[in-house]
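Colleague: sequence first, predicted model second:
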Amino acid sequence: MALPITVTKPSSTSYWLRGNSYVIRWEDGDPATYPTVLLTLYKGTASIGTINTVNNSASAYTWSINTSLAIGTDYRIYALETNI
């Protein structure tokens with residue numbers, strides 16, 4: 001089972017550059033029940049891949065954006081609490 005949680009950083013107005021590292025932050029929901037968070041990158045409405053699966057209680061992950069990622073303004077990061 002997975003539950004969506006709120007990504008607090010980046011904001012919808014953030015501008016990130018390929019080849020740099022940035023911190024993704026989320027509101028931890030229930031790390032006792034759901035110890036991991038699945039971070040997924042979307043372009044528009046399509047999932048283009050998993051960023052990483054990380055410890056929920058950390059509430060943050062530093063992501064290095066691959067230089068091969070296409071330039072665009074319609075990217076979104078989604079976070080799901082999981083028990084995997």
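Modeller: Received, thanks.
Colleague: neighbours of residue 34, how many?
Modeller: Using other Cβ atoms under 10 Å, residue 34 has 20 other residues around it. C-beta: built from backbone N, CA, C; applies to glycine.
Colleague: so what's it scoring on pLDDT?
Modeller: What the model reports for residue 34 is a pLDDT of 84.
Colleague: dump the residue contacts of it.
Modeller: Going by Cβ atoms under 8 Å, 6 or more residues apart in numbering, residue 34 touches 2, 3, 56, 81, 82, 83.
Colleague: in strands, which of those residues fall?
Modeller: Secondary structure from DSSP state E places 2, 3, 81, 82 of these in strands.
Colleague: by neighbours, which of the contacts of residue 34 wins?
Modeller: Most neighbours among the contacts of residue 34, by other Cβ under 10 Å: residue 56, with 23 neighbours.
Colleague: assign a three-state SS to the nearest residue to that one once chain neighbours are set aside, would you?
Modeller: Once flanking residues are discounted, residue 56 sits nearest to residue 31: 3.9 Å by Cβ to Cβ, 6 or more residues apart in numbering. Assigned with DSSP: H, G, I helix; E, B strand; the rest coil, residue 31 falls in the coil class.
Colleague: neighbours around residue 31, how many?
Modeller: By other Cβ under 10 Å, the burial measure for residue 31, its neighbour count, is 15.
Colleague: what about it, distance to residue 24?
Modeller: 16 Å (Cβ to Cβ, to the nearest Å).
Colleague: rewinding a little: need the contacts of residue 34 in TSV (columns: pLDDT and distance to residue 72).
Modeller: Converted to TSV, those look like this (pLDDT from 0 to 100; distance: Cβ to Cβ, whole Å):
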residue	pLDDT	distance to residue 72
2	74	26
3	80	28
56	89	28
81	90	27
82	89	27
83	84	32
